[in-house]
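>>> Pasting the sequence and the predicted coordinates here, then a few questions.
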Amino acid sequence: MQSSIIVRIIFFFIFVLGIQAYNTTLEGYFDSICHVYVTDCNRTVINDAGNKSCDDETVFIWDQAPELYCVHVYPITEPDDNRYRQANGNSCFYVHGNLLDGWSIDDC
């Protein structure tokens, strides 16, 4: 009985301490509809947010990001113009500019 309780406590701490999710936010100051998605930085998509209005103050929020991930954005009119930022832990990025003069993703 006593060893069963100890095993349960050990599993609880492994589960709680071993799984930590991070937050990422993408803000927008870019007059375009964009496709937003997150990868594991090795081309595997782990969250596809789909098409978003990139001129909204808050374009995308995800509170289940792993420790290492990449946030990708591209205008739906120019899918080959995919840009991304790598993150380690919590992050905040903003996309800004326009299609004529250029655009980028930077830290908040």
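Yep, it's here. Residues are numbered from 1 along each chain as shown.

>>> Please make it C-alpha for all contacts and neighbour counts, starting now.
Noted.

>>> and Phe30, bridged to which residues?
Gly97 (DSSP bridges).

>>> show me where the chain has helices.
Assigned by DSSP state H, the helices in the chain fall at 2-18.

>>> For it, give me the ranges with low pLDDT.
The chain contains residues with pLDDT under 70 at 1-19.

>>> Go again with 90.
For the chain, residues meeting the criterion pLDDT under 90 lie at 1-20, 56.

>>> Quick one: the strands in it, in order.
Ranges of strands in the chain, per DSSP state E, are 22-30, 33-39, 45-53, 60-65, 68-75, 83-88, 91-98, 102-107.

>>> could I get those strands as a markdown table with mean neighbour count?
Converted to a markdown table, the strands of the chain look like this (neighbours: other CA atoms under 10 Å):
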| stretch | mean neighbour count |
| --- | --- |
| strand 22-30 | 20 |
| strand 33-39 | 21 |
| strand 45-53 | 15 |
| strand 60-65 | 16 |
| strand 68-75 | 22 |
| strand 83-88 | 17 |
| strand 91-98 | 18 |
| strand 102-107 | 15 |
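
>>> tell me, how many neighbours does the residue lying closest to Ser32 once chain neighbours are set aside end up with?
Closest residue to Ser32 apart from its sequence neighbours, by CA to CA, 6 or more residues apart in numbering: Cys54 at 5.6 Å. When neighbours are counted by other CA atoms under 10 Å, Cys54 registers 26.

>>> quick one: contacts for Cys54?
27-34, 95 (CA atoms under 8 Å, 6 or more residues apart in numbering).

>>> I figured Asn51 was touching Ile33, is that so?
Yes. When contacts are counted by CA atoms under 8 Å, Asn51 is listed as touching Ile33 (6.4 Å).

>>> Name the residues contacting each of those two.
What both Asn51 and Ile33 touch, as defined by CA under 8 Å, 6+ apart, is the set Ile76.
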